[in-house]
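[1] Turn this into a model:
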Amino acid sequence: GFLLQAVEPPIPQAITHAVTLLQDIGALKEDESLTRLGRHLGEMPVHPRVGKMLLYATLLGVLDPVLTVACAAAYRSPFVMSTDT
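    Purely as a prediction, here's the structure:
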C-alpha cells in the first residue's frame, strides 16, 4: 500500500492492527473502504474508539456524562509514574 512508500513507514503489524480495529468498530468495510461512520471518525482528532463513543452519545442525547468517560479513556492516569526516566 501507499503507507509503505512513506519516508518512515509504519511496521506492517501496526497497519494490520489499525485495519482490524477500524473494521471491528465499523469504520472500514471488508474491502477497506470507509463506512459513513469511518468518514466521521476521520474528521475527529481523537482515537477512533473515543470518537465512536462521542458520536453515539450525541445521537442518544447523553453527551455530557460520556464526555467525562471519553476524557478519562483518552489520557493515562496522572497517578501512574512512567518507567521511562
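
[2] by contact count, what packs against the strand or helix carrying residue 49?
    Per DSSP states H and E: residue 49 is located in helix 48-60. Packing contacts for helix 48-60, counted by 3 or more Cβ pairs under 8 Å, 6 or more residues apart in numbering; DSSP states H and E, involve helix 12-24, helix 36-42, helix 63-74. Placement of C-beta: from N, CA and C, glycine included.

[3] go again using 7 Å as the cut-off
    Packing contacts for helix 48-60, counted by 3 or more Cβ pairs under 7 Å, 6 or more residues apart in numbering; DSSP states H and E, involve helix 36-42, helix 63-74.

[4] Mean confidence (pLDDT) on the first one, please.
    Right, the one you point to is helix 36-42. What helix 36-42 shows for mean pLDDT is 97.

[5] How far does it sit from its chain's centre?
    Between the centre of helix 36-42 and the centre of its chain there are 10 Å (Cα atoms, centre = their mean, to the nearest Å).

[6] Show me what counts as buried in the helix holding residue 49.
    48-54, 57 (16 or more other Cβ atoms under 10 Å).

[7] Max pairwise distance over those residues: which two?
    Using Cβ to Cβ, the pair of these lying farthest apart is 48 and 57, separated by 14.7 Å.

[8] Sketch out the low-pLDDT regions of the chain for me.
    Scanning the chain for pLDDT under 70 picks out 78, 82-85.
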